[in-house]
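In: Just to be clear, the model below is a prediction. Sequence and coordinates:
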Amino acid sequence: MSEFQRPRGTRDFSPEEMQKRRYVENALMTTARNFGFSEVMTPTFENTDLFIARSGPEIVDEMYEFEDKGGRRIALRPEITASVIRYYVNELQTRPKPLKLYYMGNCFRYERPQSGRYREFFQFGAEIVGSPSLSSDAEVLALASSCLRGIGLKNVKMRVGHLGILKGVFEEMKLDEIVQTDIRRLVDKRDFEELGTLAAESDISDENMDRLVDLVSLKGGAEAIGKAKEVLGRADPSLNYLSRLLERLALYGVGDAEIDLGVARGLDYYSGMVFEIDAPSLGAEKQVCGGGSYTLSEVFGGEEVFSTGFAFGFDRLMLAMENDGVDIPSAKLETYVIPVSDTARAKCILIVSELRNAGVSADIDLMGRKMGKALAYADSLNFRTAIIVGENELEDEKATVRDMASGEQESVPFAELARYFCTEL
RNA sequence: GCCGGGGUGGGGUAGUGGCUAUCCUAAGGGAUUGUGGUUCCCUCGACCCGGGUUCAAUUCUCGGUCCCGGCCCCA
């Protein structure tokens, strides 16, 4: 053990873990690209003001935030949407709409680590900027759903709500904004008891509060929307929106989305559709994805533009896949070249170079090991084959290619090795 | 910020107020001068940090730190 430890809440990833993480990351990115999204990258740190503008001054306490040597207030990004929208306002406003962007990156929050929560963690997210439509919301939900399908994570629950419904009720009740925010937070937590207390304190009638609780407790398929209309005693544009959204999702083949009018999200800038995805296997921190439609650009000095997007907690996806036993194929290296004697080493280097240039993953003994040990090494590193070259092979101008799984060997002329491996693949 | 459980070689562990700190595994080497996953041998390598009690602390105690689970928060 070195005297130096990792900072709290950070992790080192082993070769095996990275292989899995890159596999999943690649699957997510491939899905996004197939949906017509393009990757962007923004800085790991931003001026603190950006996040304050987005979320309020309290956020500073929960970020890695500091003054740099030039006296600037800097924050390690706690999420990436703010950066993407800032980037949009700065430089992408004149691009053809809609702008479909995705990103993957590390984020930092100064929080107490626990299961599924780290101080450095990773998010994969996507945003559609510039389109206020039902179509965009559906597209984004379909992307999130396809991402999960793409990585093979099945044990998940997607819940879709709409903030317009709560907003309508708030207007009817004529509540001030502070109370609205409190209610939203409690609704998000499903803390109906505390909600009752709050109702008493802010002289909201029992009748109104009961109605609100009934409303946000509604979940299920299209029938939940009908029930909501009954509770409201009227039609509501947001409810209509949700039922049309469900129809759209069906066209995308997304049948697992559930209506949940209790999805409130803790964030003020969400304006319309909001959704969350949970992985029940995760325990306390089970939310793997959150998103919705919002306007944020005007906060950063741009023109108001409707956007819709989401972010996956990448680390939680990995944990959930692990818990659910989702299989991730292991990467096999193709071949390990073993010089039997020092005289064969030069030829072996030529062979390994040729194979590498031909795009074949090839490695070579660097430790001068004897063949037995070299084969054991190749075995433990999961090579598909080994190439053995010694005096006999040099004389015949043929390499011995050994299949590591079966132990079968065949002789392949040096000149044909590259072709042999390329066609094998 | 709060509550609970932990910390012994790289990984997994046993154990102890004092004696060479146990075992498994991994890694490196050898048995084996051209054939791996078996076997045998050798080597390497640990009591989280600091204070206190004590003749003596890895062990008891206090504080810190980190890990695990939960609360708060969750963008």
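Out: Structure's in. What do you need? Residues are numbered from 1 along each chain as shown, chains lettered A, B, ... in the order given.

In: Please count neighbours and contacts with C-alpha atoms only from this point.
Out: OK.

In: Enumerate the residues of the stretch 251-400 of chain A near RNA strand B.
Out: A:265-267, A:283-285, A:290, A:340-341, A:367, A:369-373, A:375-376, A:378-380, A:388-393, A:400 (CA under 7 Å from any atom of the strand).

In: For the buried ones among these, write the corresponding ChimeraX selection.
Out: To isolate in ChimeraX the members of those that are buried, counting by 16 or more other CA atoms under 10 Å, one can use:
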select /A:265,290,340,375,378,379,388,389,390,393,400
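
In: Tell me which entries of the residues of the stretch 251-400 of chain A next to RNA strand B lie within helices.
Out: Counted as lying in helices by DSSP state H, out of those, are A:371, A:372, A:373, A:375, A:376, A:378, A:379, A:380, A:391, A:392, A:393.

In: between those, which is closest to residue A:109?
Out: residue A:380 (38.0 Å; CA to CA).

In: just checking, next helix/strand downstream of the helix or strand in which residue A:128 is found?
Out: In the assignment (DSSP states H and E), residue A:128 maps to strand A:120-129. The first helix or strand that comes after strand A:120-129 along the chain, using DSSP H and E, is helix A:134-151.

In: Give me the buried positions along that next one.
Out: Under the neighbour-count criterion of 16+ other CA under 10 Å, helix A:134-151 has A:134, A:136-148, A:150-151 buried.

In: Looking at the closest residue to RNA strand B within the stretch 101-250 of chain A now. What's its pLDDT?
Out: Residue nearest to RNA strand B within the stretch 101-250 of chain A: residue A:115 (3.1 Å; CA to the nearest atom of the strand). pLDDT recorded at residue A:115 is 87.

In: For the stretch 151-300 of chain A, just list every one of the strands.
Out: Counting by DSSP state E, counting those that start in this stretch, the segments of the stretch 151-300 of chain A that form strands are A:157-162, A:219-220, A:257-260, A:270-278, A:287-295.

In: looking at this, residue A:94 is in a helix?
Out: No - assignment of residue A:94 by DSSP: H, G, I helix; E, B strand; the rest coil gives coil, placing it outside any helix.

In: Looking at residue A:19 now. What's its pLDDT?
Out: 91.

In: before we move on, the earlier item: would you format the ones in helices among the residues of the stretch 251-400 of chain A next to RNA strand B as CSV with pLDDT included?
Out: Output for these, formatted as CSV (pLDDT from 0 to 100):
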residue, pLDDT
A:371, 92
A:372, 91
A:373, 92
A:375, 93
A:376, 93
A:378, 93
A:379, 90
A:380, 90
A:391, 90
A:392, 91
A:393, 93
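
In: so which of these comes closest to residue A:259?
Out: Using CA to CA, those come closest to residue A:259 at residue A:380, 49.3 Å.

In: returning to that earlier point: show the contacting residues for the residue of the stretch 101-250 of chain A closest to RNA strand B.
Out: A:283, A:284, A:285 (CA atoms under 8 Å, 6 or more residues apart in numbering).

In: Go through these and say which is closest to residue A:64.
Out: Using CA to CA, the contacts of residue A:115 come closest to residue A:64 at residue A:285, 21.1 Å.

In: so what's the residue nearest to that closest one when sequence neighbours are not counted up against?
Out: If the residues on either side of it in the chain are set aside, residue A:285 comes closest to residue A:116, at 5.9 Å by CA to CA, 6 or more residues apart in numbering. Neighbour list for residue A:116: A:282, A:285, A:286, A:315, A:316, A:319 [criterion: CA under 8 Å, 6+ apart].

In: Hmm, residue A:142 is touching residue A:254, no?
Out: Yes - counting by CA atoms under 8 Å, residue A:254 is a contact partner of residue A:142 at 6.4 Å.
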